[in-house]
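> A predicted structure for the sequence below; I have some questions about it.
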Amino acid sequence: MSSIRDRVKQMVPSRVTDRVKDSLVDYGVRTSDRRPLPDFLIIGTKRGGTTSLWNYLIQHPLVPRLFPAWNTKASHYFEENWHRGEAWYRSHFPTSRQRATLQGRYGGPVRVGEAAPLYMFHPLAAQRVAALMPTVRLIVLLRDPVERAYSHWKERRTHGVEPLDFADALAAEEERTAGERERLIAEPESFSEPYDWYTYRARGRYLEHLEPWLDRFDRERILFLPSEDLYRDARGAYRATVDFLGLPAHDLPTFKVYNERRSAPLDPAVRAELTGYYRPHNEALRQRLGLDLDWPDRAP
């Protein structure tokens with residue numbers, strides 16, 4: 001059954017909705033000095049459950065949606081929209097007055113945030129976030145990198161931008177993305193679709209991409225959640241996140257899984273190759289974070 005939002009989209013011409021969006025964005029920018037920066041960021045990982053966790057959090061009465069609420073979880077400011085400036089970024093979040101209203105109604109602190117899985121992977125995001133929001137809280141979902149890579153490829157196939165099968169896409173990754181990370185650093189206002197789309201293997205080297213965040217933020221400001229824990233016990237992972245954010249307890253009736261993509265099993269030979277590739281990276285990650293990440297790369 002279609003939602004009210006879907007039926008409105010069908011009835012209202014796109015040029016009308018575009019004008020409404022533009023008007024709301026303009027209003028948000030004009031009132032940006034009344035809009036505090038967010039309290040938390042979900043920075044990754046892509047295909048690790050960020051959409052599910054975000055949708056659970058915004059069901060808490062003290063976690064408002066982004067403004068304007070176009071069914072989105074991220075502004076993409078610290079990677080794709082950096083050139084738009086701080087006023088544009090602030091325009092996505094509620095005003096101090098709106099925060100105070102929520103706090104008065106529900107008797108607890110308001111926590112505002114966004115979920116942008118590319119933030120963890122972008123070479124400049126950590127320093128940008130630290131400079132603008134040094135006390136922000138960070139939430140990091142970490143999924144078995146083999147499963148993450150395969151799920152990433154399935155998403156790209158679904159979106160029609162990946163013509164290669166998974167093994168060929170892995171083989172082509174280095175050539176497809178060559179120089180893109182360096183270009184993002186050399187041209188700070190640029191954005192790279194290949195770096196976002198085709199980095200199946202590279203994104204799973206988690207520690208490499210977390211080090212800039214660990215260098216800039218105290219460990220107590222970062223919550224690491226194994227994605228497998230979220231999949232096995234969504235309620236428990238949600239409660240741990242609510243507690244980390246200093247929010248009062250608020251249970252949810254159900255925990256729907258978002259963006260799940262079923263498919264044929266991963267080819268055993270490809271799985272074995274990726275498992276061996278990630279083994280040293282995963283062990284370094286476990287040692288650095290002190291986490292018991294129960295992924296299949298561990299020897300029995």
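That came in fine, so what should we check first? Every value quoted in this text rests on a predicted model; they were computed, and no experiment measured them.

> how about residue 140, secondary structure?
Three-state call for residue 140 (DSSP: H, G, I helix; E, B strand; the rest coil): strand.

> list the contacts of the closest residue to it other than its chain neighbours.
Spatially, and ignoring its direct neighbours in sequence, residue 140 is nearest to residue 224 (5.1 Å; Cβ to Cβ, 6 or more residues apart in numbering). In this view, the C-beta of every residue, glycine as well, is placed from N, C-alpha and C. Going by Cβ atoms under 8 Å, 6 or more residues apart in numbering, residue 224 touches 140, 142, 289, 291.

> state the pLDDT value of the third one.
If I follow you right, that is residue 289. pLDDT for residue 289: 96.

> helices or strands up against the longest helix seen in the chain?
In the chain, with assignment by DSSP state H, the single longest helix is helix 268-289. Judged by 3 or more Cβ pairs under 8 Å, 6 or more residues apart in numbering; DSSP states H and E, helix 268-289 is in contact with helix 145-158, helix 166-177, helix 206-216.

> and the contacts of residue 224, which of them are buried?
In terms of neighbour count (16 or more other Cβ atoms under 10 Å), the buried residues within these are 140, 142, 289.

> before we move on, what SS does residue 225 have?
Using three-state DSSP, the structure places residue 225 in strand.

> can you count the residues close to it?
Counted with other Cβ atoms under 10 Å, residues neighbouring residue 225 total 23.

> what's near enough to touch it?
53, 139, 140, 141, 142, 237, 240, 241.

> residue 227 and residue 198: what is the separation?
Counting by Cβ to Cβ, to the nearest Å, the gap from residue 227 to residue 198 is 21 Å.

> most neighbours among the contacts of residue 225, please name it.
Neighbour count (other Cβ under 10 Å) singles out residue 141 as the most crowded of the contacts of residue 225, with 29 neighbours.

> mind checking how far residue 87 is from residue 201?
38 Å.

> and the two? which has more neighbours close in?
residue 201 (20 against 14).

> and the pLDDT for that one?
98.

> quick one: it and residue 259, what's the gap?
From residue 201 to residue 259 the distance is 21 Å (Cβ to Cβ).

> how about residue 24?
Residue 24 is 26 Å from residue 259, where distance means Cβ to Cβ.

> tell me where the chain has helices.
Under DSSP H, the chain gives helices at 4-11, 14-30, 50-57, 86-90, 96-106, 125-132, 145-158, 166-177, 180-186, 193-197, 206-216, 227-232, 234-244, 268-289.

> helices and strands around the third one, which ones?
Okay, so that is helix 50-57. On a contact count with 3+ Cβ pairs under 8 Å, 6+ apart, helix 50-57 meets strand 40-44, strand 113-115, strand 137-142, helix 234-244.

> relative to strand 137-142, how tilted is that helix?
Taking axes from the mean of the first three to the mean of the last three Cα atoms, to 10 degrees, helix 50-57 and strand 137-142 form an angle of 130 degrees between their directions.
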